[in-house]
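> Here's my sequence, what's the structure:
(one chain, ligands or ions: 1)
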Amino acid sequence: MDLGIKGKRAIVCASSKGLGLGCALSLAEAGVDLIINSRNAQNLENAASLLKSMYQVHVETVVADITTKEGQEAVLKKAENNLDILVTNAGGPPPGLWSDWSRSDFISALDANMLTPITLIKEVLPVMIEKGWGRIVNITSQSVKAPIPALGLSNSARAGLTGYVAGTSRQVAEFGVTINNLQPGVHDTDRIKSLDLHTAEQTGITPSQAKLNRRNAIPAKRYGTIQEFGATCAFLCSQQAGFIVGQNILLDGGAVNLTM
Ligand code: NAP
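Below is the predicted model:
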């Protein structure tokens, strides 16, 4: 399907690996020029080379921590008000027990997974509204629909972002700008490897047993791929998705047992 976004320009945050890279790959396949970002310069260059060689799009890189003011400013400066698509993403907070988390842990999680996307959204919206076209996709988590006990910091921050998007998306839809959230279940990335390791350490089983247990709890009996995730992101950024506003799309192989 032609997504109708060839030649558009996107920022994809936290995108040298994992779900962010999946989104960058699918947008590049649709012909979108990219600004990609991560903290590790080598991994980011590797991702840029891959994207350019596979899809011949223009790719610029910004090595920065997107959760900092400086990182956000550097990425936005690169865009120079010439932007059509924003995909927000950052690393997820560490797992733990309710009693582990201090005020500063909550502030860090809120900064990374709620206030960073909100800041970026607020900065790019005027440009998109002026153009009369824009697509914003936030990578959140299935934990918004089905909270994961060990991820209390993530549950809290992402629920806050989801509330903000619910209202804001409806305030800007009339200008041709859509904002939606993608809720990953379990996808095969480094983040999930480290969560499987944490489960193994906590329960005295091997990481491969932890993975098997997690996989078996998913109706699809497998982890999702970054390609599947990225394809959904690219669709939300397409011309065809212009009437999808303020939605939370679950990609979880059926793991969350809900009708709606
Ligand atoms: P991942 O495989 O660990 O990849 C994270 C990517 O983000 C890397 O490119 C990393 O590069 C970059 N990154 C991390 N923190 C950053 C920061 N502060 N500034 C800039 N770049 C940063 O993680 P993932 O699995 O793709 O997860 C992405 C997000 O989705 C996380 O918030 C995670 O909690 C959430 N999520 C994932 C799943 C899943 O199944 N994978 C499920 C639910 C929610 P550098 O380290 O070099 O910066």
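> where exactly do the helices run in the chain?
Under the criterion DSSP state H, the chain contains helices at 18-29, 41-55, 69-79, 103-110, 116-131, 152-172, 190-203, 207-216, 226-236.
> if you average pLDDT over each of those helices, which comes out lowest?
Mean pLDDT is lowest for helix 190-203 out of the helices of the chain, coming in at a mean of 92.
> can you give me how far that one is from the chain middle?
The chain centre lies 20 Å from the centre of helix 190-203; the measure is CA atoms, centre = their mean, to the nearest Å.
> close to the ligand, is it?
Yes: applying CB under 6 Å from any ligand atom, one finds helix 190-203 touching the ligand at 190-192. For the C-beta atoms, the positions are set from N, CA and C on the backbone; glycine is no exception.
> Just the buried ones from those?
Buried subset of the residues of helix 190-203 next to the ligand (neighbour count, 16 or more other CB atoms under 10 Å): 191-192.
> got the phi/psi numbers for the residue in the stretch 51-200 of the chain that the ligand sits nearest to?
Of all residues in the stretch 51-200 of the chain, Gly92 sits closest to the ligand, at 2.1 Å by CB to the nearest ligand atom. When quoted as degrees, to the nearest 10, the phi and psi of Gly92 stand at phi -90, psi 150.
> circling back: so which of the helices of the chain is the most surrounded?
Of those, the one with the most neighbours on average (mean count of other CB atoms under 10 Å) is helix 18-29, at a mean of 26.
> Okay, angle between that helix and helix 41-55 too, please.
Put simply, helix 18-29 runs at 30 degrees to helix 41-55, going by axes from the mean of the first three to the mean of the last three CA atoms, to 10 degrees.
> And helix 18-29, what does it pack against?
strand 9-12, strand 33-38, helix 41-55, strand 85-88, strand 134-139, helix 226-236 (3 or more CB pairs under 8 Å, 6 or more residues apart in numbering; DSSP states H and E).
> can we see that at 7 Å?
strand 9-12, strand 33-38, helix 41-55, helix 226-236 (3 or more CB pairs under 7 Å, 6 or more residues apart in numbering; DSSP states H and E).
> Show me which residues of the protein are close to the ligand?
14-20, 37-40, 43, 65-67, 89-92, 139, 141, 184, 186-187, 189-192.
> ChimeraX command for the buried members of those?
In ChimeraX, this line selects whichever of the residues of the chain next to the ligand come out buried by 16+ other CB under 10 Å:
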select :14,15,16,17,18,19,20,37,38,39,65,66,67,89,90,91,92,139,141,184,186,187,189,191,192
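> coming back round to it: just the closest of the residues of helix 190-203 next to the ligand to Arg135, please.
Arg191 (24.2 Å; CB to CB).
> thinking that closest one is in contact with Gly92, fair?
Yes: using CB atoms under 7 Å, Arg191 is in contact with Gly92, at 5.9 Å.
> how about the spatially most central residue of the chain, what does it touch?
The residue lying closest to the centre of the chain (CA atoms, centre = their mean) is Ile139, at 2.5 Å. The contact partners of Ile139, by CB atoms under 7 Å, 6 or more residues apart in numbering, come to 19, 88-89, 182, 184.
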